[in-house]
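Trainee: Model the structure of this input:
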Amino acid sequence: VMLLGLVVALGCAVAYVLDIKRRWDAIDLPCAPGFKPIVGHLGTFLSKRRDLGIHEALKATGGACKFLLATDIIVCVAKGPDVRLGYESENKTSLYDKFNSINFYVPSVFSARNREVWNPHNKALRQSFKPSTLRAKLESVMRPKLAVLDAMFTAKAEAGEPMDVDTVMTSLTLDFIMAAAFDMAWVNCLGEEPKSMELLRDFQSYTAYTTDVMFGVHFDTPVMRLFSEKSRDFKRLQTKFRALCCELYARAKSVEDPTSVLTAIASMSESDAISDIISLMIAGHDTTSHSLAFTLYLLASHPEWTLQVQRELDGLSPERRESPQAQDIPVLAAVIKESLRLMPVASGGTGRTAMHDVTLSNGKVVPAGTDMLMPTGPIHWSEHNFEHAGEFLPSRWLPGGSEESAPPVTESLRYIPFGHGSRGCLGRGLAEVEMRMTLVKLMHGFTFEVVEEPELVYDLTLNAEKGVWLRPTIRVPGSGGD
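Mentor: Here you go, the predicted model:
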């Protein structure tokens, strides 16, 4: 019986391998460089330079190639027209099932793989995340936080000390999302309140674990918890966050504001609500904080653009400059747009499963059922999509710049820092206003110098492993860059 079982198991394994080979051979695209026996390209995807490796592979293969991740086959594309074809499918790939294991094994507004599951989450939450809905909270929550931020930077500038702006921005954005979305005004990471700082550290650990699970490094199983301290720590964090989410869900039942995120959550089942709460907490602060830090770093690295932004801000009245609705700050808007292009935090992009055969711009066919990855970073860095793609050139987005005569990025999908379509980033409008208000405050009052180059890591998001260290200098408004 044991021998028969072994033969059957071996037969199943052989059939499985042959099926992978059949599907691999059916995709008439070049294999990405770096293929290794058995594991395929898993080394590329687990590397801290993952998106750079994908970028180099796409450059070497003309903008489209295939990867093998042990048993998963993924087609990556970089050319704008091919990206649009990939986004035509609204079904996300099986990698998102692994993400669901982080969210208590329940799909969230982020990780639901098909529209039928995703739509109720989106319908409940989207109204609450419109900037118009959150405008009052932007005024009441963001302004006091920016005053604290200004005092922190002033103290560092007066002492001539450098600071890790990435950590500071993470504190700011976590404080904001917790207060504005979940009415948790007690969270005060900017003030380094001990309980808040513990929450911040827990979120950072939880996010790091998410990356491992997505690519199969650590599995949340009883066996793994016997041998892995990291697995045990993850379970501890999961239990802690579940308790926090349950507390919010219970409180949401008594909230009467129809535009509140808590009101939207109260309309869901407890399991759906908990999954969405943890997703919104992580996504609501982690991405915006890194984007702010990288924008400050790029401005510090390009003083000519610092000067242009500051002159623009000096020419505006305080009311226009600091308003959450301010739209007429074109140079700053171009800087933010170029920062999100060159250093997109969601650099890994989005995966979709092709619902039908897809014919790419090079004439090659991606068979139905194949997972396609549209990696944001490599798309933004491709010379197929942008002239001088590796350079920081905000001028490309200004009148007379190269983008003025190019096909609109919304048509060709060459620029997708927030994803695309109805399943794009839920908090895009909020993030854009939060970034603009913060950068207006800091760039009007300070000039920055790079202390050391950040060590970039491509995990679930693009981040700086040892922080983004800048030295602020107080400037007198109206004095140019000094």
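Trainee: Does the closest residue to residue 292 other than its chain neighbours fall in a helix, a strand, or a coil region?
Mentor: Distances taken as C-beta to C-beta, 6 or more residues apart in numbering place residue 169 nearest to residue 292, at 4.3 Å, with adjacent residues excluded. From N, CA and C alone the C-beta is placed, and that goes for glycine too. Classification of residue 169 using DSSP: H, G, I helix; E, B strand; the rest coil returns helix.
Trainee: How many residues are close by residue 169?
Mentor: 25 (other C-beta atoms under 10 Å).
Trainee: doesn't residue 287 make contact with it?
Mentor: No. Using C-beta atoms under 8 Å, residue 169 is not in contact with residue 287, being 10.9 Å away.
Trainee: quick revisit: who's in contact with the residue nearest to residue 292?
Mentor: By C-beta atoms under 8 Å, 6 or more residues apart in numbering, the contact set of residue 169 is 288-290, 292-293, 438.
Trainee: Bridged to residue 464, which residues?
Mentor: residue 456 (DSSP bridges).
Trainee: Is it correct that residue 390 is in contact with residue 378?
Mentor: No. Applying C-beta under 8 Å, one finds residue 390 not in contact with residue 378, separated by 11.7 Å.
Trainee: Which of these two has more residues huddled nearby?
Mentor: Just comparing residue 390 and residue 378: by other C-beta under 10 Å the higher neighbour count belongs to residue 378, 27 against 12.
Trainee: That one: what's its closest spatial neighbour, skipping adjacent residues?
Mentor: Per C-beta to C-beta, 6+ apart, closest to residue 378 is residue 55, 4.0 Å.
Trainee: And stretch 118-133, what's buried?
Mentor: For stretch 118-133, the neighbour count (16 or more other C-beta atoms under 10 Å) marks 118, 121, 124-125, 128-129, 131, 133 as buried.
Trainee: So which of those is the closest to residue 143?
Mentor: residue 131 (15.3 Å; C-beta to C-beta).
Trainee: other SSEs contacting the host helix or strand of residue 24?
Mentor: Using DSSP states H and E, residue 24 maps to helix 2-26. For helix 2-26, the elements it packs on are strand 64-69, strand 72-77, judged by 3 or more C-beta pairs under 8 Å, 6 or more residues apart in numbering; DSSP states H and E.
Trainee: Among those strands, which comes closest to residue 38?
Mentor: Nearest of the helices and strands packed on helix 2-26 (C-beta to C-beta): strand 64-69, 9.7 Å.
Trainee: orientation of that closest one relative to helix 2-26 in degrees?
Mentor: Inter-element angle recorded for strand 64-69 and helix 2-26: 170 degrees (by axes from the mean of the first three to the mean of the last three C-alpha atoms, to 10 degrees).
Trainee: all helices of the stretch 351-482 of the chain, in order?
Mentor: 376-380, 409-412, 428-445 (DSSP state H, counting those that start in this stretch).
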